[in-house]
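Colleague: got a sequence here, can you build the structure:
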Amino acid sequence: MRYMGIVGHEKAKFTATTEDRARAIIRELLAPEDVVLVSGGCHLGGIDIWAEEEADKLGRTKVIYKPDVLTWDGFGFGGRGFKQRNLEIAEKSDVVHCIVVESMPATFKGRKRDYCYHCKTAAHVGSGGCWTAKRCKEAVWHVVSAGPVNE
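Modeller: Down below sits the predicted model:
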């Protein structure tokens, strides 16, 4: 079995077009029958949840690490926070695929940055998935664009 981490942005950072493109990447990653999905069950939707949905459609085994509390480190809140959850994903995965958008949609209401503070690049928008991927044995980034697809 190959344990494949799939992480990335929350749903609000995607448009219908970029969601379709992200789901296509996820389906391709989960196509081999020996793949086990490893992800984080993000409460905000997006890549984690779409990966679970696509894994279910393909009949793939899933290992989902949800945080006990919705804080970074869980300190003082009696449970595992996002940091521990992300470290568990990185440790379990043979490879982590981080699926991120090139730019924010106009509809996004959260904090907007035109760069990734984890990767120190303007090639894509920041994601906690990048933090996770940088702690894995092997990581691959997939930057999804809203622009036309060149074939």
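Colleague: so where's the chain shaky on pLDDT?
Modeller: Applying pLDDT under 70 to the chain flags the ranges 115, 117-118, 121-123, 149-151.
Colleague: again, 90 this time
Modeller: 70-80, 103-131, 146-151 (pLDDT under 90).
Colleague: strands of that one, start to end?
Modeller: Under the criterion DSSP state E, the chain contains strands at 2-8, 35-39, 62-64, 95-101, 139-144.
Colleague: and of these, who's closest to residue 19?
Modeller: Closest of the strands of the chain to residue 19 is strand 139-144, at 8.8 Å (criterion: Cβ to Cβ). All C-beta spots, glycine's among them, are computed from the backbone N, C-alpha and C.
Colleague: between that closest one and strand 2-8, how many degrees?
Modeller: Angle between the axes of strand 139-144 and strand 2-8 is 40 degrees (criterion: axes from the mean of the first three to the mean of the last three Cα atoms, to 10 degrees).
Colleague: please enumerate residues in contact with strand 139-144?
Modeller: 8, 14, 18, 21-22, 25, 95-102, 119, 123-124, 130, 133 (Cβ atoms under 8 Å, 6 or more residues apart in numbering).
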